[in-house]
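Trainee: after the sequence you'll find the predicted model.
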Amino acid sequence: MPVGLSGVVSFSIFTSLAFFWHITYSHLMPPRCLFVIFALTAVLSSCSPSPKTWDYEYSRGKTAVIVGGKAVPPAGLPPAVMRAISAGNEIAGKPYKYGGGHRSFEDTGYDCSGTVSYVLHGAGLLKSPGTSSSLRSYGKAGEGKHITVYSRDGHTFIIVAGLRLDTGYNGERKGPRWSVKSRPIKGYLARHPPGL
């Protein structure tokens, strides 16, 4: 069922039953109760649950694709997004290294926050490496149009032009890899660079 239609469907069922039994709403309950029910139906039907997974959704001209382990962006993306993809490609395939990318952006391997920090720095959007905890307050709240950082205590990953760059949940823990595999995001905070 499409998001936001559950209240409408339940209201339609109630309406049909009332018509079928030739009962009008005024006989069922006082007008004040009806107003409360209408208000609750409107509010509840407009609520949509937050997503429980991140899913890759290809959109021609907007999302990147993976070719040979590297992200290939479509033409016309903002320069900062192109730089982020380029930075991600530089470290994609490097080994996982706990604390990698924290003392310096340049390292022999990267952990999750080192990976995200490297990409944001490469895009000109971060001055010094962050941790998964500190990245929970990066930029602005919510998903971005081109770049989204998902963070919780203990792990972080980044979405750039629709692709996920992550050190985990790719079937193996081998360091930064681009992926289109769906990933649970329950408990993660979504943040994004302003304007992106």
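Mentor: Okay, I see it.
Trainee: so what's the closest residue to residue 76 other than its chain neighbours up against?
Mentor: Leaving aside its sequence neighbours, residue 76 sits nearest to residue 61 (C-beta to C-beta, 6 or more residues apart in numbering; 6.9 Å). The way it works is simple: take the backbone N, C-alpha and C, and place the C-beta from them, glycine included. Shown in contact with residue 61 (C-beta atoms under 8 Å, 6 or more residues apart in numbering): 74-76.
Trainee: what helix or strand does the residue nearest to residue 160 when sequence neighbours are not counted sit in?
Mentor: Excluding the flanking residues, the one nearest residue 160 by C-beta to C-beta, 6+ apart is residue 84, at 4.8 Å. Using DSSP states H and E, residue 84 falls within helix 79-91.
Trainee: what packs against the next helix or strand after that helix?
Mentor: Moving toward the C-terminus from helix 79-91, the first helix or strand encountered (DSSP H and E) is helix 112-122. Applying 3 or more C-beta pairs under 8 Å, 6 or more residues apart in numbering; DSSP states H and E, one finds that helix 112-122 contacts helix 79-91, strand 147-152, strand 155-160, strand 163-166.
Trainee: quick one: buried residues of helix 112-122?
Mentor: Using 16 or more other C-beta atoms under 10 Å as the test for burial, helix 112-122 gives 112-122.
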